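In: Task: produce atomic coordinates for the following.
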Amino acid sequence: MSETVYIESSVISYFTARPSRDVVVSARQAITENWWRNQKPKYEVFISGLVVQEVSKGDGDAAQKRLGAIAGIPLLAMPEEALKLAKDLLAQGAVPPNSEEDAFHIAIAAVSGINFLLTWNFKHINNAHTKALISSVVETHGFICPILCSPEELGAEI
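Out: Purely as a prediction, here's the structure:
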């Protein structure tokens, strides 16, 4: 069986966005496109209803492009255990109180037994200062924390 990846909304946004002139954003777009085309087929990928909601927001044409990119990717459910875990991630300060969606992404992936949570969110998810606390809270609930990583960290090359 293949390793599993939960694709968080930021990855989809970078994959489908118009080319940027910002050097960092442009590099992340190139890395994401490379990962999507060359690495994604090596994994069993998943999203959640929350991802669908997030990528549906904003400019209509851009939202349609994002929705097209995720068409056919299986959805993970949000069981009661994920709700409890997300609340605890917030209560323990592993994820800031104003970032409930980020806590839910982590919780859904953890409760579903996903190996990797793929994100460009370095502020609240893939953050060197919070990864240990996130993992600790997840493990306290009896789950294994997915590896929180960017497409670059999961094997994309330019």
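
In: ok, now how distant is residue 128 from residue 27?
Out: Residue 128 is 19 Å from residue 27, where distance means Cβ to Cβ, to the nearest Å. Backbone N, C-alpha and C define where each C-beta goes, glycine included.

In: who's more crowded, these two?
Out: Remark: of residue 128 and residue 27, residue 27 carries more neighbours, 13 against 7, as counted by other Cβ atoms under 10 Å.

In: Assumed the more buried one was part of a strand.
Out: No. According to DSSP: H, G, I helix; E, B strand; the rest coil, residue 27 belongs to no strand; its state is helix.

In: what about it, distance to residue 55?
Out: 21 Å.

In: Residue 25 now?
Out: Taking Cβ to Cβ, one finds residue 25 at 17 Å from residue 55.

In: These two: which is more packed in?
Out: residue 55 (23 against 14).

In: OK, contacts around the residue nearest to the more buried one when sequence neighbours are not counted?
Out: Leaving out its chain neighbours, the residue that sits closest to residue 55 by Cβ to Cβ, 6 or more residues apart in numbering is residue 66, at 3.8 Å. By Cβ atoms under 8 Å, 6 or more residues apart in numbering, residue 66 lies in contact with 12-13, 16, 55-56.

In: show me where the protein has helices.
Out: 9-16, 23-34, 49-56, 60-70, 80-91, 100-111, 131-140 (DSSP state H).

In: closest to residue 151 out of the ones you listed?
Out: Among the helices of the chain, the nearest to residue 151 by Cβ to Cβ is helix 23-34 (5.1 Å).

In: What helices and strands are in contact with that closest one?
Out: For helix 23-34, the packing partners by 3 or more Cβ pairs under 8 Å, 6 or more residues apart in numbering; DSSP states H and E come out as helix 9-16.

In: avg pLDDT for the helix it packs on?
Out: For helix 9-16, mean pLDDT is 96.

In: Neighbours of residue 73, how many?
Out: Neighbours of residue 73 using other Cβ under 10 Å come to 16.

In: pretty sure it contacts residue 48?
Out: No. Counting by Cβ atoms under 8 Å, residue 73 stays clear of residue 48, with 10.0 Å between them.
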